[in-house]
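*Asks:* predicted structure and sequence below. I'll ask about it afterward.
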Amino acid sequence: MSKVEADKQYTLEEAAALVKEINCTKFDSSVDLHVRLGVDPRKADQALRGTLSLPHGTGKDKKVLVFCTADKEAEAKAAGADYVGLDEMIDKVNGGWTDMDVIIAQPGVMAKIGRLGRVLGPRGLMPNPKTGTITDDVGKAVSEVKKGKVSFRVDKFGIIHCPVGRSSFAPEKLVENAKEVVSTINRIKPASAKGTYFKSLYMATTMSPSVQIDIKSAT
């Protein structure tokens, strides 16, 4: 019998404890927040995207690729970048290599990277100024990602999916990370969005049932 009641809305604290309890994977699975919003992603000002730094990080060491000129390579490596370079890395990605979680690029090299859109675009890996992944300050950008900075974007159904930790996290850490996500999404509410902004809120691990959250407990 499932421990999750289908029609019940749990408090954020209850949900964080429950997703840990019902997690059935042998590995340290990701815990994600799924936020359905009253927006129309087809409208440019409602196609929400952004970044935030989770207070307790994601629990996952993200692999970072930096596209930069030779004079910036040492800075990127010192900050913890896993892969650094330009032409040789572009050729590698063009061949289908996508073994990275985040890509950061200098503005001056974007003209060369544009042709990688067909490989990177569908995977959500294309650098973008709105997520802080196009910058000359590559060291700072790499450091922020490594410390727990995550990017998010609303999908075509008006839902934002965002990691808030791992199943090994203490419930209170999941709660604090989740509140940061909700707070950030609330701050970027578009003026043109009418009606109810937060439609529903769920938390789930990679393979567990989702737990519905009472939105008031997360704001």
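*Replies:* Arrived safely.

*Asks:* skip the chain neighbours and tell me the closest residue to residue 162.
*Replies:* For residue 162, ignoring the flanking residues on the chain, the nearest one in space by Cβ to Cβ, 6 or more residues apart in numbering is residue 152 at 4.6 Å. No exception for glycine: its C-beta is placed from N, CA and C like everyone else's.

*Asks:* quick one: mean pLDDT over the helix or strand encompassing that neighbour.
*Replies:* Residue 152 is part of strand 149-153 when elements are defined by DSSP states H and E. Regarding strand 149-153, the rounded mean pLDDT is 88.

*Asks:* tell me the helix or strand right after it.
*Replies:* strand 159-166.

*Asks:* my guess is residue 68 meets residue 107, correct?
*Replies:* No: Residue 68 lies out of contact with residue 107 (Cβ atoms under 8 Å); the separation is 10.5 Å.

*Asks:* more neighbours, those two?
*Replies:* Higher neighbour count among residue 68 and residue 107: residue 68, with 21 against 11, using other Cβ atoms under 10 Å.

*Asks:* hmm, back to that, strands paired with the strand holding residue 152, and their directions?
*Replies:* Take DSSP bridges as the rule and strand 149-153 pairs in its sheet with strand 49-53 (antiparallel).

*Asks:* and the strand it pairs with, what's buried?
*Replies:* Within strand 49-53, the residues scored as buried using 16 or more other Cβ atoms under 10 Å are 50, 51, 52.

*Asks:* in TSV, list those along with distance to residue 96.
*Replies:* As requested, the buried residues of strand 49-53 are exported to TSV (distance: Cβ to Cβ, whole Å):
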residue	distance to residue 96
50	29
51	27
52	31
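
*Asks:* other SSEs contacting the helix ranked longest in the chain?
*Replies:* Scanning the chain for the helix with the most residues, using DSSP state H, yields helix 171-187. If you count contacts as 3 or more Cβ pairs under 8 Å, 6 or more residues apart in numbering; DSSP states H and E, helix 171-187 packs onto helix 12-22, strand 30-37, strand 49-53, strand 159-166, strand 198-205.
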